[in-house]
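In: Predicted model, plus sequence, below.
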Amino acid sequence: MTNPSITVQSDLVLERILSIEIVRVTERAAVSAARLRGHGREKDSDQAAVDAMRRELNKLPIDGTVVIGEGELDEAPMLYIGEKVGNKHGPRVDIAVDPLEGTTLCAKNMPGAIATLAMAEAGTLLHAPDVYMEKIAIGPGYPKGVVDLDAPAEENILNLAKAKGVRPQEITALLLDRPRHADLIAGVRKAGGSVALISDGDVAGVIHTADPEHSGIDIYLGTGGAPEGVLAAAALRCIGGQMQCRLVLDTEERRERSLKMGIKDARKRYEIEDMVRGDCLFAATGVTTGAMLKGVRFRGDIIETETVVMRSITGTVRWIRAEHRQLEKFHLD
């Protein structure tokens, strides 16, 4: 049950952070990355998105701390974990970023690259190290516990099909196309389910489960990045669904890093409420056209973008298609 005092406090904290301001941040990052689509320069396109996102974040009336970023140390000009952003004249907030999810997709001009960001009241986002994370996610409308991170893939497909009232053959699971997922893929197919594979982009992959009627995706399975897991949890916090995750802390060095970030139980299983404990905002702008968002389009003197922005406390989801005519600002800001 939601604590009313916490809800009111969170509402007051985030009411100054207008959705359109969050959108500007991901729009600029997406446009900067899109200028390098298909050039095969993964690092350059990622850096362009990072630089643009940092510039826009530093204009916002917030006292922000990056808790999910491009790395844990200030070794490169990235948005690193612990970096302070904003003009410091505003509320204290946690920020999770992936300025360019799908660097390979952008470099090869393949579908599904996005620029994404989540923002929440300070101290409410999981401070996850940059390690792998086991994940399972489904959309809203199912009883608690229909799927289980520790159950075999075959069992999860059968249970989800039963809860949905369909045959297992009508369930589609989305996974990253990685050798480590061979057993999961085999389990899905053994149960009769179908498999959809993606090369990158598991933030969008998890979000697809929230709207299976349009995306065709019923469940997300597999191991991906922990930063992407927290961002995906922020999105599901806004639009509904279930998600269970566990950090892969399989070396002493990773366990020590996580301990420094306040994670005491290396085997803890996280649900959405553990990763995003309060009100949050989530925004994503398409870089290349995918199932969720259209990519940036350069049309003469106009730049077109498409963004989805969400807020958890209201459950509001806005789709923003914008035309930008002040091209010099996208070049020079």
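Out: Done, it's in.
In: in the stretch 1-150 of the chain, which ranges drop under the pLDDT threshold?
Out: For the stretch 1-150 of the chain, applying pLDDT under 70 flags the ranges 1-18, 71-77.
In: Tell me who's in contact with the residue most central in space within the chain.
Out: Taking Cα atoms, centre = their mean, the centroid of the chain lies closest to residue 231, which sits 3.2 Å from it. Residues near residue 231 by Cβ atoms under 8 Å, 6 or more residues apart in numbering: 68, 96, 98, 101, 116-118, 203, 282. Backbone N, C-alpha and C define where each C-beta goes, glycine included.
In: tell me the phi and psi of it?
Out: When quoted as degrees, to the nearest 10, the phi and psi of residue 231 stand at phi -60, psi -40.
In: Please flag which of the contacts of residue 231 sit within helices.
Out: Judged by DSSP state H, helices contain the following of the contacts of residue 231: residue 203.
In: which one of the contacts of residue 231 is nearest residue 37?
Out: The nearest member of those to residue 37, counting by Cβ to Cβ, is residue 101 at 14.2 Å.
In: The closest one: neighbour count?
Out: Residue 101 has 27 neighbours, counted by other Cβ atoms under 10 Å.
In: Model confidence at residue 205, what's the number?
Out: Note on residue 205: pLDDT of 94.
In: doesn't residue 173 make contact with it?
Out: No. Using Cβ atoms under 8 Å as the test, residue 205 is too far from residue 173 to be in contact (10.4 Å).
In: quick one: common contacting residues for those two?
Out: In contact with both residue 205 and residue 173: 217, 220, using Cβ under 8 Å, 6+ apart.
In: Run through the residues that contact residue 272.
Out: Contact analysis of residue 272 by Cβ under 8 Å, 6+ apart lists 233, 236-237, 241-243.
In: repeat that with 6 Å
Out: 233, 236-237, 243 (Cβ atoms under 6 Å, 6 or more residues apart in numbering).
In: so which of those residues comes closest to residue 220?
Out: Comparing those against residue 220 with Cβ to Cβ places residue 243 closest, at 8.2 Å.
In: Would you agree the closest one falls within a strand?
Out: Yes. Assessed by DSSP: H, G, I helix; E, B strand; the rest coil, residue 243 belongs to a strand.
In: any idea which helix or strand carries the residue nearest to residue 206 when sequence neighbours are not counted?
Out: Using Cβ to Cβ, 6 or more residues apart in numbering and skipping the chain neighbours, the partner closest in space to residue 206 is residue 232 (3.7 Å). Using DSSP states H and E, residue 232 falls within helix 226-239.
In: With only the CA atoms kept, save that helix in CSV.
Out: C-alpha atoms of helix 226-239 as CSV (Å, rounded to 0.1, in the frame of the first residue of the first chain):
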residue,chain,number,x,y,z
ALA,A,226,22.3,-4.1,-15.0
PRO,A,227,22.0,-0.4,-16.0
GLU,A,228,19.5,-1.4,-18.7
GLY,A,229,17.6,-3.4,-16.1
VAL,A,230,17.1,-0.4,-13.9
LEU,A,231,16.0,1.7,-16.8
ALA,A,232,13.5,-0.9,-18.0
ALA,A,233,12.2,-1.2,-14.4
ALA,A,234,11.5,2.5,-14.4
ALA,A,235,9.5,2.2,-17.6
LEU,A,236,7.4,-0.7,-16.2
ARG,A,237,6.9,1.2,-13.0
CYS,A,238,5.1,3.7,-15.2
ILE,A,239,3.1,1.5,-17.5
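In: In stretch 248-257, which residues are buried?
Out: 249, 254-255, 257 (16 or more other Cβ atoms under 10 Å).
In: Now do the strands in the stretch 1-150 of the chain.
Out: For the stretch 1-150 of the chain, the strands defined by DSSP state E, counting those that start in this stretch cover 63-68, 84-85, 92-101, 114-121, 132-138.
In: closest one to residue 148 among those strands?
Out: Minimum separation from residue 148 across those (Cβ to Cβ) falls at strand 132-138, 7.5 Å.
In: Would you mind pulling up the elements that that closest one packs against?
Out: For strand 132-138, the elements it packs on are strand 219-225, helix 226-239, strand 242-247, judged by 3 or more Cβ pairs under 6 Å, 6 or more residues apart in numbering; DSSP states H and E.
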